[in-house]
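Peer 1: just coords:
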């Protein structure tokens, strides 16, 4: 059995970075980035666009700060992020319940951006207990490569990816990274 919980440290770092970015957007005056007056239409149009963007930066920063405050308790709560057992795979960010091993067609390791994911290909994915947003993300991921119906990563958890692969290998063959 493999259980990985949400990592408080990693989530705190992520929220801290979001809070710093939001504070910078709220408290720093970016108006010096607007080009000085010019006769050129192109420069005036660009200056207008930059002024508009600078005008909404404090609002975006404020939304980021409110998000940090509102989401902080739920994101740092220690809960199960990934569970591998004899029943199947439980991955609450993408699944409603446990996905039984007999519903899984194949499992492969893939590289997504700078990290590895465990791509799970589900038999009859339309009836699988996949959450709607995870289903839409999977559809988008399939257009960019050979990714699965569920792509499990360990970035938010305290688990180790190699340990995850070893735990899954006890129940189902895992195709290595190509």
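Peer 2: Perfect, I can see it now. Bear in mind the structure is a predicted one, so any value in this text is a computation, not a measurement.
Peer 1: from here on, contacts and neighbour counts on C-alpha atoms
Peer 2: Will do.
Peer 1: and the pLDDT for the nearest residue to residue 107 once chain neighbours are set aside?
Peer 2: Spatial nearest neighbour of residue 107, excluding adjacent residues (C-alpha to C-alpha, 6 or more residues apart in numbering): residue 120 at 4.7 Å. On pLDDT, residue 120 comes in at 91.
Peer 1: state the number of residues packed around residue 120.
Peer 2: Using other C-alpha atoms under 10 Å, residue 120 has 20 neighbouring residues.
Peer 1: next up, the contacts around it.
Peer 2: Listed by C-alpha atoms under 8 Å, 6 or more residues apart in numbering, the contact set of residue 120 reads 104-108, 148-152.
Peer 1: repeat the analysis, applying 7 Å as the threshold.
Peer 2: By C-alpha atoms under 7 Å, 6 or more residues apart in numbering, the contact set of residue 120 is 104, 106-108, 148-151.
Peer 1: who does residue 157 bridge with?
Peer 2: Each beta-bridge partner of residue 157 is listed here: residue 6, as defined by DSSP bridges.
Peer 1: begin at 349 from here
Peer 2: Taking 349 as the first residue, the last one we looked at is residue 505.
Peer 1: separation between it and residue 420?
Peer 2: Note on residue 505: its distance to residue 420, by C-alpha to C-alpha, to the nearest Å, is 16 Å.
Peer 1: neighbour count winner among the two?
Peer 2: More crowded of residue 505 and residue 420, by other C-alpha under 10 Å: residue 505, with 22 against 15.
Peer 1: what pLDDT does the more buried one get?
Peer 2: pLDDT, residue 505: 85.
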